[in-house]
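**Student:** Predicted model and sequence below, questions to follow.
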Amino acid sequence: MQELLGAVTDGVALVTLNRPNSLNALNVSLHHALNEALHELAGNSDVRCVVLTGAGRGFCSGGDLRAINAANIGGEDGAAPRRAGMLGRVDMVREHMIASRLLHRMGKPTVAMINGPCAGAGLSLAGACDFRVAGRKAVLLAAFTGVGLSGDGGGSWFWTQILGTAKARELYLLNERFDGERALAFGLVHRLVDDERLYDETMAMARRIAELPPVAQRLAKEVLNAAEDGSFEAVLEREALAMALAASARKPPKPT
């Protein structure tokens, strides 16, 4: 069974984590497949919006710790270990963070379609996306400290940016579960929709995004990313350059 599914329709790429029996927990091979798929989509000019979701009844339950530890020690399928020691483990975690970086930095909007549990590394992937749309049965949970880990996938940065310092600490250090309603009120998701409408509502949103001028979308996202940690004056200069570039890329208006 393919662990990652992908399809492109009307400029929207739908990327589906496909390990439903484990609520789409991320093992080493799925990490690699997701990194490769997102890298390819980032450079595909036919794709104007990327939607990430999970197969079955969950978005992503986080990292598959048993499979990842097996790969680190003796291979997921009994093969030789891929890495050894502390530095090897650091390298593996860095590799697993590539998907978050691509979702956040690629020059097109990204949307997390959250169907069911979204925890740990899955929550980090959702935080890396520009938009988060959740069904009412969604459950969001940092999960890391509950299993003796500190968190990866850029989640500590994303959620501090999205929620602010106090709420990010509440999310990580209290390790509480957020149902759909509470997640919306807390700011974890942008929209909450009925579960049976989740796919239709999310894809309609993605198609609206895909219909907008792609150069303007890319430049706007670059400026917004720069604003996260740039000075006011630097962002003003970035905006001026981006506006000039976007204007030069605009199609001339049709004569009336």
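**Tutor:** Cool, the structure landed. Numbers count the residues shown, from 1 in each chain.
**Student:** for this protein, longest helix please?
**Tutor:** helix 232-249 (DSSP state H).
**Student:** Enumerate the positions of that one that are buried.
**Tutor:** For helix 232-249, the buried set under the neighbour-count rule, 16 or more other Cβ atoms under 10 Å, comprises 235, 238, 242, 246. (Glycine included, C-beta is placed from N, CA and C.)
**Student:** elements contacting it?
**Tutor:** With contacts defined as 3 or more Cβ pairs under 8 Å, 6 or more residues apart in numbering; DSSP states H and E, helix 232-249 has these neighbours: helix 214-227.
**Student:** shaky segments in the stretch 51-200 of the chain?
**Tutor:** 67-84 (pLDDT under 70).
**Student:** about what we covered before: angle of the longest helix of the chain against helix 214-227?
**Tutor:** 170 degrees (axes from the mean of the first three to the mean of the last three Cα atoms, to 10 degrees).
**Student:** Show me the contact partners of helix 232-249.
**Tutor:** The contact list for helix 232-249 (Cβ atoms under 8 Å, 6 or more residues apart in numbering) reads 213, 215, 216, 219, 220, 222, 223, 226, 227, 230.
**Student:** Give the full set of residues in contact with residue 47.
**Tutor:** Residue 47 touches 8, 11, 12, 13, 41, 108, counting by Cβ under 8 Å, 6+ apart.
**Student:** I'd like the distance from it to residue 40, if you could.
**Tutor:** Distance, residue 47 to residue 40, by Cβ to Cβ, to the nearest Å: 9 Å.
**Student:** ditto for residue 85
**Tutor:** Taken as Cβ to Cβ, the span from residue 85 to residue 40 is 32 Å.
**Student:** about what we covered before: PyMOL command for the buried members of the contacts of helix 232-249?
**Tutor:** Buried subset of the contacts of helix 232-249, written as a PyMOL selection, criterion 16+ other Cβ under 10 Å:
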select buried, resi 215+216+219+220+222+223+226
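**Student:** Which of the contacts of helix 232-249 scores worst on pLDDT?
**Tutor:** pLDDT across the contacts of helix 232-249 is lowest for residue 230, at 90.
**Student:** Please identify the helix or strand for that one.
**Tutor:** Using DSSP states H and E, residue 230 maps to neither a helix nor a strand.
**Student:** Just give the closest residue to it, not the sequence neighbours.
**Tutor:** With Cβ to Cβ, 6 or more residues apart in numbering as the criterion, residue 230 has its nearest non-adjacent residue at 7.0 Å, and that residue is residue 238.
**Student:** With residue 18 instead?
**Tutor:** residue 55 (4.5 Å).
**Student:** which residues touch the one you found?
**Tutor:** 5, 16, 17, 18, 19, 20, 24.
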